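Student: need coordinates for the below:
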Amino acid sequence: LGKIKKLTSEVETLKEEKDVVDGKLACLLKSLKDLEDIIESQRSEKVKEGVGYNAVPPPTADLYLFPKKDLTWNGLPKFMDDTVTDYSRPSPTVGRLICYGWKSRGLSNPCSS
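Tutor: Sure thing, here's the model as predicted:
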């Protein structure tokens, strides 16, 4: 008889715990539904078709760009006769340094050597 009372009390406590868990579950389900309603109200009509991002079509290929000019032969015939025959560079020349104002400062002229 003692075991039956003990098991009955355990069943009662388990029922109470189940009721608490069922209450929490019901509260969570209601919160989930509320959140889904809020999210749905934030979506625009255009987006409601799909759940993910809106598909943005790629830009149309060169419809609005100006056609590019072909500059490969533009004005080249007038330069066709100019052929380069001499590829040498002239040798650099060094002129004499001209220095002024050395005597007025009492310095020796480095350019006189």
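Student: rounded mean pLDDT for stretch 33-50, please.
Tutor: Mean pLDDT, computed over stretch 33-50, is 75.
Student: regarding residue 87, what is its secondary structure?
Tutor: Secondary structure of residue 87, reduced to three states by DSSP: H, G, I helix; E, B strand; the rest coil: coil.
Student: number of nearby residues for it?
Tutor: By the criterion of other C-beta atoms under 10 Å, residue 87 has 5 neighbours. Bear in mind the C-beta positions are built from the backbone N, C-alpha and C, glycine included.
Student: got it, and residue 93?
Tutor: 5.
Student: got a pLDDT number for it?
Tutor: On the pLDDT scale, residue 93 is placed at 70.
Student: and it, what is it in contact with?
Tutor: Residues near residue 93 by C-beta atoms under 8 Å, 6 or more residues apart in numbering: none.
Student: ok, it to residue 87 distance?
Tutor: Computed as C-beta to C-beta, to the nearest Å, the residue 93 to residue 87 distance reads 20 Å.
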